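*Asks:* model the following, please.
(one chain, ligands or ions: 2)
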Amino acid sequence: MSTETDFLIVGAGFAGLVVGERLAAAGWRCVVVDRRPHLGGNAYDSKDALGVLTHRYGPHYFRSNSTKIVDYLSRFTAWHPVEYRIKSHTGDRYWSFPINLNTFEEWIGRPSSTEEFEAWLEEKRVPIDEPANSEEVILSKVGRELYEQFFEGYTLKQWNRHPRELDASVCARIPIRTNRDDRYLREEFQALPDKGYTTMFERMLDASPGLEIHLGIDFEEAKARWKFRHLVFTGPVDEFYGRRFGALPYRSLRFESESFDAEQLVGREVISGKPGFWQPAMQVNYPEPDVPFTRIVEIKHATGQQIDATNIVREYPKTWTPDDEPYYPVPAPDAAEAYRRYAELSAKEESVSFIGRLATYRYYNMDQVTGMALAEADRLLARYGKPD
Ligand code: FAD
Ligand code: UDP
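*Replies:* Ligands and ions are numbered 1, 2, ... in the order given. Got it, this is the predicted structure:
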C-alpha cells in the first residue's frame, strides 16, 4: 500500500468525498480517511434488519436552490422527487406544520381564509423590527400563543437553551405561511438520491480511481501512515487544535430505532392513514416538554421504498461529551465568539483546508457543504494546477 499521497482528506462525509472526487478527477492522488466504519458521514443510510432503508443519523432531506450543486451530484445519482411534509404533535393530536392556513383552521376549529389568518396574525404579532434571536423571530411572525405551542418547548429540548439564547437563523429555518403550502422546506429542488446517499457516495468512489478510502482510521493514525502535500480536514476544528482554547459547544443526539414487520403494523393504519406505515408523516415533531424526544422519523414516507415493513427513529437530544458525535454546532453568540479564536488559527494554515459543518462550525445543510467543497476544490486546483 502506498504511504505517499498528494492530498490527505479527513472525513468521508459530503465535504471530504466531494473535494476528493474533484481533486482525483484532475489527476491528484487522494486518500480519504474516516474514523467511522462507513461512508457518508451523517448522511449515511443503510437497510435495517427488515430491509427498510434507514437514515442512521436523523432524517436527511436533500434540498437546494443551486442547479450547479444539483447537476454535480446528479452525475452520481438519479433522484426520487419528494415534497417533505411533516406534522407536529401536541395535546394528543397531530397538527399541520410548519404553520400554514390549515394549522390556523385546526387552531380555531373552523374553516378560514388567508385574509382572516393574516388579520389574526397582525393582531398577535409582537412588533419587533429586527429580531435578534430565535424567540423574537417567531414572536414577530406569529405571536406568543403559536410560539409557545410549537417552538419554545421543542427548541429548549433540542438545544438545552432558551430560544432567546440562539441566533434568529435557527427558528427562522422553519417557514411560516398564510396559504395552504405545508411543505417543511423552502428550496426549489427537493428530492432524495433514488438509491440512497450511501449508494451515491459509492458511485462517486467507483468513478474516481485516484481516490483511496480507508474507514475506521482516525486522523492521528492517518498522519503517521501517509506523507501528504496538503491536508483537507472536515472534522471538528477545536479537536484539530487539541481544544487549546476549550471545547466548542456541540449538541448531540441519541437515536432509538425500531422496526415493524407487516404483522406488527396490522391496525396501525388507524393512526398512519395508510397500510404499511406507523405514523401519518415522514416526521412528527414533539414540542411538549414532558416528551423526552424531539421527533419521530419514518423515512419510508420519503424514500418511497416499496416494502411492507417500516422503521421509525426517535431522536433524544443530549449534551455533547468527547465520547459523543458532535451533530450540531450551536448557533449562538457565545459559541461564535469561542469559534472565532479557532477560526483565526485555521485561516492562517497554508497547507490545511478546513471545510464542512464541523471544521467551519456552521449549521450547514448538505447542499451548502457540497457547494463549499466544490469551491475549495476549485481553489486548490487553481493553486496546485494539474499533477506532472
Ligand atoms: P459530516 O457528515 O459530519 O462528516 C465528517 C466526517 O468526518 C464524519 O464521518 C466523522 O466521522 C469524520 N471525522 C471527524 N473527525 C475525524 C478524525 N479526527 N479522524 C477521522 N475522521 C474524522 N442536511 C440537509 O441538507 N438536510 C437535512 O434534512 C439534514 N438533516 C440533518 C439531521 C441531523 C440529525 C443532522 C446531525 C444533520 C442534518 N443535516 C441535514 C446536515 C448534514 O448532515 C450535513 O450538512 C452534512 O452531512 C455535513 O457534511 P460534512 O462532510 O461537513 O460532515
Ligand atoms: N423548531 C421548533 N419546532 C419544530 C421544529 C423546529 O422549535 O417543530 C426549531 C428548533 O429550534 C430547531 C430549529 O427550529 O432546532 C430548526 O429545525 P429543523 O427541523 O430545521 O432542524 P434540524 O433538522 O436541522 O434538526
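*Asks:* near ligand 1, which residues of the stretch 51-200 of the chain are found?
*Replies:* Along the stretch 51-200 of the chain, the residues adjacent to ligand 1 under the rule Cβ under 6 Å from any ligand atom are 57-62. The C-beta positions use only the backbone N, C-alpha and C, and glycine is treated the same way.
*Asks:* who wins for neighbours among those residues?
*Replies:* When neighbours are counted as other Cβ atoms under 10 Å, the busiest of those turns out to be Phe62, with 27 neighbours.
*Asks:* which residues touch that one?
*Replies:* Going by Cβ atoms under 8 Å, 6 or more residues apart in numbering, Phe62 touches 190-193, 366-367.
*Asks:* same thing but at 7 Å, please
*Replies:* By Cβ atoms under 7 Å, 6 or more residues apart in numbering, the contact set of Phe62 is 191-192, 366-367.
*Asks:* find me the pLDDT at Ser2, would you?
*Replies:* In this model, Ser2 is scored at 70, pLDDT.
*Asks:* neighbours of it, how many?
*Replies:* 9.
*Asks:* ok, it to ligand 2 distance?
*Replies:* When distance is defined by Cβ to the nearest ligand atom, to the nearest Å, Ser2 is 39 Å away from ligand 2.
*Asks:* re earlier: which of the contacts of Phe62 sits closest to ligand 1?
*Replies:* Nearest to ligand 1 among the contacts of Phe62 is Met366, at 3.5 Å by Cβ to the nearest ligand atom.
*Asks:* isn't the closest one right up against Phe14?
*Replies:* Yes. Between Met366 and Phe14 there is a contact under Cβ atoms under 7 Å: 5.3 Å.
*Asks:* the more surrounded of these two?
*Replies:* Phe14 (31 against 23).
*Asks:* pretty sure that one sits against Gln368.
*Replies:* No. If you go by Cβ under 7 Å, Phe14 and Gln368 don't touch, sitting 9.3 Å apart.
*Asks:* one step back: closest to Pro326 among the residues of the stretch 51-200 of the chain next to ligand 1?
*Replies:* Of all those, Pro326 sits closest to Tyr57, with 11.7 Å by Cβ to Cβ.
*Asks:* what secondary structure does the closest one sit in?
*Replies:* coil (DSSP: H, G, I helix; E, B strand; the rest coil).
*Asks:* state the distance from it to Ala375.
*Replies:* 25 Å (Cβ to Cβ, to the nearest Å).
*Asks:* my guess is Arg177 contacts Thr103, does it?
*Replies:* No. Assessed by Cβ under 7 Å, Arg177 is found out of contact with Thr103, at 9.3 Å.
*Asks:* more crowded one of those two?
*Replies:* Thr103 (23 against 17).
*Asks:* tell me how this structure divides into domains.
*Replies:* Listed domain ranges for the chain are 7-45+62-78+193-247+332-384, 99-171 (source: automatic domain parsing).
*Asks:* residue of the stretch 101-250 of the chain with the smallest distance to ligand 1?
*Replies:* Checked against ligand 1 (Cβ to the nearest ligand atom), the nearest residue in the stretch 101-250 of the chain is Gly235, 2.4 Å away.
*Asks:* how many neighbours does the residue nearest to Phe76 when sequence neighbours are not counted have?
*Replies:* Nearest non-adjacent residue to Phe76, counting by Cβ to Cβ, 6 or more residues apart in numbering: Arg203, 4.4 Å away. Neighbour count of Arg203, defined by other Cβ under 10 Å: 15.
*Asks:* look up how far Gly385 lies from Arg203.
*Replies:* Counting by Cβ to Cβ - Arg203 and Gly385 are separated by 27 Å.
*Asks:* pull the longest helix from this protein.
*Replies:* Longest helix in the chain, counting residues (DSSP state H): helix 366-384.
*Asks:* what is it packed up against?
*Replies:* With contacts taken as 3 or more Cβ pairs under 7 Å, 6 or more residues apart in numbering; DSSP states H and E, helix 366-384 sits against helix 14-25, helix 67-73.
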